[in-house]
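Engineer: sequence plus the predicted model coming up.
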Amino acid sequence: MSRRERVRHAPFEHLGPLDTAIPISTGIARLTLENDGSVLLDVNGVPSSHLHPDPEHLVFEYMRWMLIAIDQHLDPGRDGRAEPGGAASPQLAHLGGGGCSLPRAIAMRHPRSKQIVVELDELLANQVRDWFDLPRSPQLRLRIDDAVDALTAWRDDRFDVLVRDVFSGAMTPESLITVQTAQHAARVLRDGGLYLANCAAPPGTGLMADEVATLSAVFPHVGVIAEPAHLSGKRRGNCVLLASNRPLPEGIDRDLRSDAVSVRLAQPSQVQALTRAGRVLGQA
């Protein structure tokens with residue numbers, strides 16, 4: 001094993017107390033150590049992040065799907081695509097931080113990238129940087145702020161990728177799923193930039209369709225990564241919504257086939273059906 005791999009797979013050496021209620025700004029966090037050396041971070045009783053000693057090993061399925069889309073978007077060697085905007089250092093923003101599992105993986109895969117993570121909970125943000133040995137600024141910067149406030153304050157054409165992964169309990173706050181939020185997402189993305197959103201849609205709510213309809217009112221190209229049962233609304237699960245002003249990377253569905261879960265990029269006809277079935281959220 002190479003020195004790089006030994007360092008990458010080293011266990012977390014500065015974890016907080018395990019299986020204990022840890023006070024944070026918004027409530028209580030809890031750390032649970034798994035047999036493989038990974039750590040589950042719960043926030044107020046809800047699984048928030050699952051971090052493995054190997055940063056590129058993502059335990060949460062939807063984060064693996066996001067990373068596939070980001071890899072396809074940023075890697076100039078795939079499908080003949082140039083890096084967005086020709087940037088030497090791709091700029092990424094994350095609304096919602098938790099344990100920063102995905103930003104940590106991106107920093108390993110795309111070391112030239114610069115990321116900013118917006119996290120509302122100041123105590124949690126300060127602790128996870130030490131617990132999980134997160135990269136330092138400018139590679140990974142943590143901003144303590146409300147996600148909507150940060151999004152509306154950013155200048156136009158700033159980011160190559162914007163990720164939304166914010167939850168209050170088990171649901172995304174309503175303020176982050178409106179057409180106004182989608183318009184701000186489109187505004188802060190560079191031409192051809194990619195917006196990714198984690199959508200947890202309970203069966204029968206129509207939330208996935210509403211979110212797809214809302215994004216489609218702003219972005220000309222919208223996609224959905226989901227398991228078949230989630231896509232049909234038969235059971236709850238996390239799906240990943242994708243949106244851009246340019247066609248989505250062609251290799252996403254191909255790379256999804258290597259995932260342990262049977263998941264696909266929805267067909268255009270399926271996305272169109274969801275758009276017709278949904279309503280644009282926050283529309284006056």
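Structural biologist: That came through, no problem.
Engineer: next SSE after the least confident helix or strand in the chain by mean pLDDT?
Structural biologist: Least confident element among the helices and strands of the chain, by mean pLDDT, DSSP states H and E: helix 3-8 (a mean of 42). Following helix 3-8 in sequence order, the next helix or strand is strand 22-24 (DSSP states H and E).
Engineer: in that next one, what counts as buried?
Structural biologist: Neighbour counts using 16 or more other C-beta atoms under 10 Å place I22, I24 of strand 22-24 among the buried residues. (Glycine included, C-beta is placed from N, CA and C.)
Engineer: what is it packed up against?
Structural biologist: strand 27-33, helix 122-131 (3 or more C-beta pairs under 8 Å, 6 or more residues apart in numbering; DSSP states H and E).
Engineer: any stretches of the chain with poor pLDDT?
Structural biologist: Within the chain, the stretches with pLDDT under 70 are 1-10, 76-87, 169, 204, 233-235, 284.
Engineer: and the helices in the stretch 151-284 of the chain?
Structural biologist: Applying DSSP state H, counting those that start in this stretch to the stretch 151-284 of the chain gives helices spanning 179-188, 207-216, 228-231, 252-256, 268-277.
Engineer: so what touches the fourth one?
Structural biologist: Contacts of helix 252-256 from elsewhere in the structure, counted by C-beta atoms under 8 Å, 6 or more residues apart in numbering, are W65, I68, A69, D71, Q72, G223, I225, L242, V263, R264, L265.
Engineer: quick check: bridge partners of the last one?
Structural biologist: Same thing as L265. I225 (DSSP bridges).
Engineer: between the helices of the stretch 151-284 of the chain, which one is nearest to V161?
Structural biologist: helix 179-188 (10.7 Å; C-beta to C-beta).
Engineer: that closest one vs helix 207-216, what angle?
Structural biologist: On the basis of axes from the mean of the first three to the mean of the last three C-alpha atoms, to 10 degrees, helix 179-188 is oriented at 50 degrees to helix 207-216.
Engineer: only C-alpha atoms, please: export helix 179-188 in CSV.
Structural biologist: C-alpha atoms of helix 179-188 as CSV (Å, rounded to 0.1, in the frame of the first residue of the first chain):
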residue,chain,number,x,y,z
VAL,A,179,-38.9,29.1,-7.9
GLN,A,180,-37.2,32.1,-6.4
THR,A,181,-34.4,29.9,-5.0
ALA,A,182,-34.1,28.2,-8.3
GLN,A,183,-33.7,31.6,-10.0
HIS,A,184,-30.9,32.5,-7.6
ALA,A,185,-29.2,29.2,-8.2
ALA,A,186,-29.3,29.9,-12.0
ARG,A,187,-28.0,33.4,-11.3
VAL,A,188,-24.9,32.4,-9.3
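Engineer: follow-up on the earlier one: JSON lines for the contacts of helix 252-256, including distance to Q127 and neighbour count?
Structural biologist: What follows is these, written out as JSON lines (distance: C-beta to C-beta, whole Å; neighbours: other C-beta atoms under 10 Å):
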{"residue": "W65", "distance to Q127": "27", "neighbour count": "26"}
{"residue": "I68", "distance to Q127": "29", "neighbour count": "23"}
{"residue": "A69", "distance to Q127": "29", "neighbour count": "24"}
{"residue": "D71", "distance to Q127": "29", "neighbour count": "18"}
{"residue": "Q72", "distance to Q127": "33", "neighbour count": "21"}
{"residue": "G223", "distance to Q127": "35", "neighbour count": "27"}
{"residue": "I225", "distance to Q127": "31", "neighbour count": "28"}
{"residue": "L242", "distance to Q127": "31", "neighbour count": "25"}
{"residue": "V263", "distance to Q127": "32", "neighbour count": "23"}
{"residue": "R264", "distance to Q127": "37", "neighbour count": "17"}
{"residue": "L265", "distance to Q127": "36", "neighbour count": "26"}
